[in-house]
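In: Sequence plus the predicted model coming up.
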Amino acid sequence: MAQAGGFRLGELAERFSLKLQGDPAVAVAGVCALAPGQPGRLSFCADPRLRPALAGTRAAAVVIAPSDAGAFPGNALLAPDPALAFARIAALFDTSSEFAPGIHPLAAVAADAVVEEGAGIGPGAVVEAGARVGAGSYVGPHCVIRRGAAVGPGSRLEAQVYLGPGCRLGARASVLPGAVIGGRGFGLARSRAGWVEVPQLGAVQIGDDVEIGANTTIDRGALDDTVIGDGVKLDNQIQIAHNCRIGAHTAIAACVGIAGSTNVGSRCMIGGAVGIGGHLQIADDVVILGRAMVTKSIAAAGIYGSGLPAMPAREWRKLVARIRRLQNFEQRLEQIEQALQLQNGSGEASESDPSGSDASGKDDF
Amino acid sequence: MAQAGGFRLGELAERFSLKLQGDPAVAVAGVCALAPGQPGRLSFCADPRLRPALAGTRAAAVVIAPSDAGAFPGNALLAPDPALAFARIAALFDTSSEFAPGIHPLAAVAADAVVEEGAGIGPGAVVEAGARVGAGSYVGPHCVIRRGAAVGPGSRLEAQVYLGPGCRLGARASVLPGAVIGGRGFGLARSRAGWVEVPQLGAVQIGDDVEIGANTTIDRGALDDTVIGDGVKLDNQIQIAHNCRIGAHTAIAACVGIAGSTNVGSRCMIGGAVGIGGHLQIADDVVILGRAMVTKSIAAAGIYGSGLPAMPAREWRKLVARIRRLQNFEQRLEQIEQALQLQNGSGEASESDPSGSDASGKDDF
Amino acid sequence: MAQAGGFRLGELAERFSLKLQGDPAVAVAGVCALAPGQPGRLSFCADPRLRPALAGTRAAAVVIAPSDAGAFPGNALLAPDPALAFARIAALFDTSSEFAPGIHPLAAVAADAVVEEGAGIGPGAVVEAGARVGAGSYVGPHCVIRRGAAVGPGSRLEAQVYLGPGCRLGARASVLPGAVIGGRGFGLARSRAGWVEVPQLGAVQIGDDVEIGANTTIDRGALDDTVIGDGVKLDNQIQIAHNCRIGAHTAIAACVGIAGSTNVGSRCMIGGAVGIGGHLQIADDVVILGRAMVTKSIAAAGIYGSGLPAMPAREWRKLVARIRRLQNFEQRLEQIEQALQLQNGSGEASESDPSGSDASGKDDF
């Protein structure tokens, strides 16, 4: 969608319904970071910590909040949410998703596959029998679209993506290199002779407007399907096991792993490297901070976390040793309380096992 | 192995030596989940928590334990291990591993590579000089089989798999898209000018009946080989570093990382996102719960775990602050004990450093 | 660089300026591990724990430290750093990086791409318009070099590597299968209708002598570039988010995740599965132990760690329950101190909230 010669600031104000401050004739040939900024380009300031950089930017204009307009005398577009407005404007200058429609001679497209109008199939791409690529979609080099799989219109499979048999991607999907959608789930049954692989006969159903990061893996279901809702955004190297369901508009950062048959609600935000156990229910609007270890269902919206942050290693080793001495601490506390004939002060503690034995019933996770 | 028209329930009972309850003439055209179930299909119930769903299933028949037969009046196959029996029956309906034998015209197979009878080589697959693909094996699109590598008979490399030079996969392997077997190990030596890469001259040796998940990586050894035993099952996004040895029939869940030269025993079960340090020995029959951090060898069979489960973030922050105050708690306990002239009650605590200094010798991990 | 027939020990001593002990005419046809060792091959001993194996090795000669020479009467090369010297010698026997120059007929190289002298482009590789492959570089099967990207001279992209538009790899890079360099960063802005993808218009700039492991992902920047310094060594399955900067000669082990806009210093060593939050500054010469969770900037060189190591699961569950009772412990300590009219002994503790309420201000991470 890039326009040769760029835009005038006034055009951008009009196109995005933003208030203009300054000269509408200023040329905007691209976008740039605020510091140091580049002449002829547009930047933005959404973070109060970056406000001091506004004065010195070399950008031709900036997108800022109306409340910042007074302090900045230069050319500006005023937006209630500058980051969002800038994202939309910047898309005008993003040529990374352009492609030539048509089927590359080194692609292998089955005779009965359907490639709709305006779609582009890159070199080495494989589209098997009964598969469908929607109108205007791009299937990049070395992507594999298995039998009966479907890619919705306006989607982009960047390169080296695998879409398993019968799996469906909605409209306007963005899938980055190395993503594997619909590999077989890790289903095993024990036998005397070792593990028996349980057939994985489900598929993966993915809604509209979904982003799937590089080398992310989403397994197909065992009997029912794995389901990813509309508007879900998945970063790189995420693992979603068979039969999970991810609710609409949930965003998941890189390196998260979600074990089988877990349901994650809508509009959740899951931080990097979080691990979520299998067969759990995570409510809507849950925020999980990076690297948390989720071993139980989460029934209520809110912010959750876990983990011990890094510290100097010497200190860490001592801390671990102290944590391991907690049973000893607890016994000593009890002895002191007995010596002083003090009541143990909390209801919670009254459940504790005064014998110090291992029979406590509270260890319920 | 799917049979057109499916099977009669009586045929299945006979083929798998299961006791039949109900009508042997019932047609089974596929398998399905228990709830709600699908007419004409077979389901199963192995989990007592799902028993209430048995009564309402729309499935034509179910596989259940003999002990559940009394409570379920419908058509059923009775199996001591319903999950295992169902897995074997379901395989009859799994067509996902079918392929056309022969070499695709867009494959690149070296003149002196050996492709045995009934093998199929997909579009874009590369089989280099001296490599061998066993009888009936499938090497899917964009797989790369390097010089001198070998794939055993009856194996399936789904797509985009890399098998490094001289590496060997046994019989009946299943390798999912994006797996990298035999990439160079991460071996570095320091020099004044920076890191020097240590040549990785070993290979990867993989036994029979091994499953390797999507985007899993197994590095080749430095001098000796990395070795994966028979019947090992590896989920997605696992990293196994150079010179590890994984014992037979061990199952490893997704996102596990195992550092170099570690030996894992046979029949172990390793949960998701576990991390295991380098140069460790893990005994046979060890179970490690998800996300545990293994920093020392484990000498005895048993169940191991670590990690602090997620909680509301507010509570978590307070808890971390309290953990960090443990030294203070310990000092206060000691002061109280001195004031009361109490003996510190445990042998373990008598090792503690009463000075509260950092010189404690117990921090030995 | 392998020489037919191998080398004489005396030749190796001369070529690498090492002192020879024993017979210079001994033939060295390859390298091997110390135990049991292989006749006709060279091994080494750098680890004092392996010294007992020296006596029994079947290797034709060994590289050892001068201080070990007295105790070993056999053929040896004496090196101040035996591991480093051995790494350099072993490279003579490493044929894994040999390739045939030229463009494979199944490659897709754009008419205006530049492939310099001696470069090799494998089957299925894609080199798009305006891209450049440096002299003597190897671009293996199914690699994708996007528009305007550049690979420096003497580099090796093993197979199935993705190099995004405009991204640059320096000289002598080694990139393993499945690595994705320059996928779009995970940049999102919220709107009422859901997430809006923020265009990622930067690239990835990678210095000289960099190693990038299998299935590692490095995202391109949003406005500025993501930057990887000279001599950086990245293991497998690492995730580096948009706009990170990694300083020269830093080594990062497998499964590490680094969130967006974080700067890591030079000569750092980051252990396996470490997670580093976004927008942090990590100083030069920082060592982070495996699986640590870094939530704050690290301003000083040193060794850092975190995490609770694995233990028997029964013990672990009790320990977690005790950790969760820490608030109760603290309250009981305070009650005892009040009963005894003891001063709370540390300045740190005097900040604690005696009400036991959740309003403590110390939870500052």
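Out: Yes, it's here. Numbers count the residues shown, from 1 in each chain, chains lettered A, B, ... in the order given.
In: So A:Ala33 versus chain B, what's the distance?
Out: Using CB to the nearest CB, to the nearest Å, A:Ala33 is found at 30 Å from chain B. All C-beta atoms are positioned from the backbone trio N, CA, C, and that covers glycine.
In: And for that residue, nearest residue in space, chain neighbours not counted?
Out: Leaving aside its chain neighbours, A:Ala33 sits nearest to C:Leu223 (4.2 Å; criterion: CB to CB, 6 or more residues apart in numbering or on different chains).
In: show me the contacts for the one you found.
Out: By CB atoms under 8 Å, 6 or more residues apart in numbering or on different chains, C:Leu223 lies in contact with A:Val31, A:Cys32, A:Ala33, A:Ser43, C:Leu201, C:Gly202.
In: Tell me which residue in the stretch 1-150 of chain A sits closest to chain B.
Out: Here the stretch 1-150 of chain A gets closest to chain B at one residue, A:Ala108, 4.0 Å apart by CB to the nearest CB.
In: Helices of chain A, start to end?
Out: If DSSP state H is used as the criterion, the helices of chain A fall at A:9-15, A:51-54, A:66-69, A:82-90, A:313-324, A:326-340, A:347-350.
In: Check the ones you listed for me: which has the lowest mean pLDDT.
Out: When these are compared by mean pLDDT, helix A:347-350 comes last with a mean of 40.
In: follow-up on the earlier one: quick one, grab the pLDDT at the residue nearest to A:Ala33.
Out: Confidence score, pLDDT, at C:Leu223: 95.
In: What does it show for phi and psi?
Out: When read as degrees, to the nearest 10, the backbone of C:Leu223 gives phi -120, psi -50.
In: Alpha carbons of stretch A:155-169, in PDB - could you do that?
Out: Output of stretch A:155-169 as PDB, limited to C-alpha atoms (Å, rounded to 0.1, in the frame of the first residue of the first chain):
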ATOM      1  CA  SER A 155      -3.700 -14.400   4.600                       C
ATOM      2  CA  ARG A 156       0.100 -14.600   4.500                       C
ATOM      3  CA  LEU A 157       2.100 -17.700   5.200                       C
ATOM      4  CA  GLU A 158       5.600 -16.200   5.100                       C
ATOM      5  CA  ALA A 159       7.800 -19.200   4.400                       C
ATOM      6  CA  GLN A 160       8.500 -22.800   5.500                       C
ATOM      7  CA  VAL A 161       5.100 -23.000   7.300                       C
ATOM      8  CA  TYR A 162       3.400 -26.400   7.700                       C
ATOM      9  CA  LEU A 163      -0.400 -26.600   7.700                       C
ATOM     10  CA  GLY A 164      -1.600 -30.200   8.500                       C
ATOM     11  CA  PRO A 165      -4.300 -32.200   6.800                       C
ATOM     12  CA  GLY A 166      -7.800 -30.700   7.200                       C
ATOM     13  CA  CYS A 167      -6.600 -27.800   9.200                       C
ATOM     14  CA  ARG A 168      -8.200 -24.400   8.700                       C
ATOM     15  CA  LEU A 169      -6.800 -20.900   8.900                       C
END
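In: Measure how far it is from the centre of its chain, please.
Out: Its chain's C-alpha centre and that of stretch A:155-169 lie 17 Å apart, by CA atoms, centre = their mean, to the nearest Å.
In: could you point out where chain A is predicted with low confidence?
Out: A:1-5, A:344-365 (pLDDT under 70).
In: Domain ranges for it, per the record?
Out: A:7-93, A:102-304, A:313-343 (automatic domain parsing).
In: Please work out which of the ones you listed is packed deepest.
Out: Of all the domains of chain A, domain A:102-304 has the most neighbours on average by mean count of other CB atoms under 10 Å in any protein chain shown, namely a mean of 23.
In: Chain C contacts on the stretch 51-200 of chain A?
Out: A:81, A:83-84, A:86-88, A:90-91, A:93-94, A:96, A:104, A:106, A:122-124, A:140-142, A:158-160, A:174, A:176-178 (CB under 8 Å from any CB of the partner chain).
In: which ones are touching the residue of the stretch 1-150 of chain A closest to chain B?
Out: A:Ala108 touches A:Ala125, A:Val126, A:Val127, B:His104, B:Leu106, B:Pro123, B:Gly124, B:Pro141, counting by CB under 8 Å, 6+ apart.
In: same deal with A:Ala149?
Out: Applying CB under 8 Å, 6+ apart, the residues contacting A:Ala149 are A:Glu128, A:Ala131, A:Arg132, A:Leu163, A:Gly164, A:Pro165, A:Gly166, A:Cys167, A:Arg168, A:Leu169, A:Gly182.
In: that older thread, how close does the closest residue to the residue of the stretch 1-150 of chain A closest to chain B other than its chain neighbours get to C:Gly275?
Out: Leaving aside its sequence neighbours, A:Ala108 sits nearest to B:Pro123 (CB to CB, 6+ apart; 4.0 Å). The gap separating B:Pro123 from C:Gly275 is 39 Å, by CB to CB, to the nearest Å.
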